[in-house]
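Enquirer: Need coordinates for the below:
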Amino acid sequence: MGEALALDAAWLFAALLILLVLAAAGIAARRFLLERGGATVECGLRRPGRSWRLGLASYQLDEFRWYGIFGVSMRPEQTFPRRDLAVVARRPPTEEEVTILGPGRIVAECQLGGSTTIDLALAESALTGLLAWLESAPPGSHLGVTR
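Expert: The predicted structure is shown next:
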């Protein structure tokens, strides 16, 4: 009876280990596929009244896409149109935020369409890239005029 229980425990442990390895491989493959599209950076996101979420952000032609770090979907969890996104301030993270986000991040306080605010936590070089991407919008794109 003791041998059978030990054998069952070993199989259960092996199955759990295989599941963990498959989950880690899935997360790594998803990240690889997201980064293959180019212009992808690590980015924390916080909406008003919520806690920080870690993820990846991707700059597309006219939108800023945010993906949760541990998600399985290839679709973005949040999408922000370029014409609606504006960085209004930046600040160093608080000590509490550093423990969540990691060192070397800058918190960018952003406004969406003039009413909603979000915070993005990026490395300084990624923040420079975000600002350059926002400024490089085609002329008149902020007016919502399409041709």
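Enquirer: ok, now which ones touch residue 120?
Expert: 43-45, 57, 107-108, 110, 130 (Cβ atoms under 8 Å, 6 or more residues apart in numbering). To be clear about C-beta, it is placed using only N, CA and C from the backbone, and glycine gets the same treatment.
Enquirer: chain center to the helix or strand bottoming out on mean pLDDT in the chain: distance?
Expert: The weakest-scoring helix or strand in the chain, judged by mean pLDDT, DSSP states H and E, is helix 2-36 (a mean of 77). Put simply, helix 2-36 sits 25 Å off its chain's centre (Cα atoms, centre = their mean, to the nearest Å).
Enquirer: same thing with stretch 57-71?
Expert: 6 Å.
Enquirer: Show me what counts as buried in that stretch.
Expert: If you call a residue buried by 16 or more other Cβ atoms under 10 Å, then stretch 57-71 has these buried ones: 57-59, 63-67.
Enquirer: Present those residues as JSON lines; the columns should include distance to residue 134 and secondary structure.
Expert: Output for the buried residues of stretch 57-71, formatted as JSON lines (distance: Cβ to Cβ, whole Å; DSSP: H, G, I helix; E, B strand; the rest coil):
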{"residue": "57", "distance to residue 134": "13", "secondary structure": "strand"}
{"residue": "58", "distance to residue 134": "14", "secondary structure": "strand"}
{"residue": "59", "distance to residue 134": "9", "secondary structure": "strand"}
{"residue": "63", "distance to residue 134": "12", "secondary structure": "strand"}
{"residue": "64", "distance to residue 134": "9", "secondary structure": "strand"}
{"residue": "65", "distance to residue 134": "14", "secondary structure": "strand"}
{"residue": "66", "distance to residue 134": "15", "secondary structure": "strand"}
{"residue": "67", "distance to residue 134": "19", "secondary structure": "strand"}
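Enquirer: which of those lies closest to residue 93?
Expert: Residue 93 has its nearest neighbour among those in residue 57, at 16.7 Å by Cβ to Cβ.
Enquirer: Just the element for the closest residue to the closest one other than its chain neighbours, please.
Expert: Spatial nearest neighbour of residue 57, excluding adjacent residues (Cβ to Cβ, 6 or more residues apart in numbering): residue 43 at 3.7 Å. Using DSSP states H and E, residue 43 maps to strand 40-46.
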